[in-house]
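[1] All I have is the shape, not the residue letters:
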């Protein structure tokens, strides 16, 4: 799906927007559940704690299933795979709409999760292949942007629908959006007549490269600090900054705006100079988390810091995606999908680590501080990864010169 020299980036807007619509639907499905948990709990007669397992089950489904889906579907063209994954996503949410008990709803959530990680991994590769090399991060940021907009628009709308017409109507709405996304990618996504996917053997061999493994670890650790803090951002804002629950909702909308702006800026900066952009944005993220430890005691400073947290946290996503993709040149499908899995494992691990800090003698106020330390470890891993990749290229040049 590499574009010819005669193709322009604007000619790729419609297929990229169709992929972004898919990402919007998936992002909405992942996060809207948080806003309708009480309704699900009351209707199905399940405790809030047990209902929260719908979130855990979904995340584990994404993290564990994504690489296996890619392995099993390796011979399939990427366009057909994306259409198949979105159909699976629609089926899962349609099943959730009809769920009569908790077990059926959990099954539906896990079924929908099977499409999530594989879709984002393959869509990133497809998007990067539709544009010139100097626009790859911008193309990836378009896909991530769909999920960002879902947090600003889709999740509040889905929550409103659930509160007004019942939680099943939320999943029905997601199914409709998913069907529209299937139609769009079927019509607008270019066919792959001349594209040759890497063999499964190539994909696995590439996965064994030390620089690839280290790049995946960089993604997980750098983003671990984000999840460590954001999981507990509501209690931080309410208990430390003394905001009301209603005010926190608006602050999270502001966070979502920061996420969208950061994603766009990160894509542009990564296309300009990837490594300096990745280091600068990740460094900014570490500083932002560190400052939140103090800023949380001031309402104005807390709001500003949460906005910047959104900017920096999603500013690194297109950078990390393209960086991981670059380490897996020639066979990026499995590795890019594993990067999505790594981020979801990071989500679970970050929330767990944040909980440990809260239960320790340090307590809730120190969560951002420890999150900053985690991100700093990610920066050290990133520097090691860049050094390893540089040494590898130097050895290749020496071998070719002999």
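    Cool, got the structure. In this text the structure is predicted, and so the values were computed from the model without any measurement.
[2] show me what contacts residue 162?
    Neighbour list for residue 162: 32, 35-36, 39, 169-170 [criterion: Cβ atoms under 8 Å, 6 or more residues apart in numbering]. Where you see a C-beta, it was placed from the backbone N, CA and C, and this is true even at glycine.
[3] For the longest helix along the chain, which residues meet the burial criterion?
    Ranked by residue count and defined by DSSP state H, the top helix of the chain is helix 367-401. Using 16 or more other Cβ atoms under 10 Å as the test for burial, helix 367-401 gives 367-372, 374-379, 381-382, 385-386, 388-389.
[4] Would you mind confirming that residue 284 makes contact with residue 309?
    No. At 9.9 Å, residue 284 does not count as touching residue 309 under the criterion of Cβ atoms under 8 Å.
[5] Closest one to residue 348 out of the contacts of residue 162, please.
    residue 32 (19.2 Å; Cβ to Cβ).
[6] what's the pLDDT at the closest one?
    Residue 32 is assigned a pLDDT of 86 by the prediction.
[7] Next, count neighbours for it.
    The local packing of residue 32 (other Cβ atoms under 10 Å) involves 24 other residues.
[8] Then the one 5 residues further on?
    Here the count is done by other Cβ under 10 Å, and residue 37 has 17 residues near it.
[9] Next, the closest residue to it other than its chain neighbours: phi, psi?
    The shortest distance from residue 37 to any non-neighbouring residue, by Cβ to Cβ, 6 or more residues apart in numbering, is to residue 51 (5.1 Å). Main-chain dihedrals, residue 51, degrees, to the nearest 10: phi -60, psi -30.
[10] Would you mind confirming that residue 65 makes contact with residue 112?
    No. Shown here, residue 65 and residue 112 do not form a contact pair, counting by Cβ under 8 Å, at 10.9 Å.
[11] And these two? Which one has more around it.
    Using other Cβ under 10 Å as the criterion, residue 65 and residue 112 rank with residue 112 on top: 28 against 21.
[12] per-residue confidence at the residue lying closest to that one once chain neighbours are set aside?
    Spatial nearest neighbour of residue 112, excluding adjacent residues (Cβ to Cβ, 6+ apart): residue 92 at 2.9 Å. Predicted confidence (pLDDT) for residue 92: 96.
[13] Does residue 92 lie in a helix or a strand, and which?
    helix 78-97 (DSSP states H and E).
[14] likewise residue 76?
    If you go by DSSP H and E, residue 76 is not part of any helix or strand.
[15] any chance you could map the helices in the stretch 151-300 of the chain?
    Along the stretch 151-300 of the chain, counting by DSSP state H, counting those that start in this stretch, helices occupy 155-165, 167-188, 200-207, 210-230, 233-235, 245-272, 274-295, 299-327.
[16] May I see the buried residues of the second one?
    Read that as helix 167-188. So for helix 167-188, counting by 16+ other Cβ under 10 Å, buried means 167-175, 177-179, 181-182, 184-185, 188.
[17] Now do that helix: everything it contacts.
    By Cβ under 8 Å, 6+ apart, helix 167-188 touches 14-15, 17-19, 21-22, 24-25, 28-29, 32, 36, 39-40, 43, 79, 82-83, 86-87, 89-90, 93-94, 96-99, 108, 154, 157-159, 161-162.
[18] on contacts alone, who are the packing partners of the longest helix of the chain?
    Helices and strands touching helix 367-401, by 3 or more Cβ pairs under 8 Å, 6 or more residues apart in numbering; DSSP states H and E, are helix 210-230, helix 274-295, helix 332-359.
[19] I'd like to know which of these is closest to residue 126.
    Residue 126 lies closest to helix 332-359 among the helices and strands packed on helix 367-401, at 9.5 Å (Cβ to Cβ).
[20] what mean pLDDT does the closest one have?
    Mean per-residue pLDDT for helix 332-359: 84.
[21] just stretch 253-261 next, same as before
    Mean pLDDT, computed over stretch 253-261, is 88.
[22] what's the answer for stretch 64-83, then?
    87.
[23] For residue 189, what are phi and psi?
    Per degrees, to the nearest 10, the backbone of residue 189 is at phi -70, psi 130.
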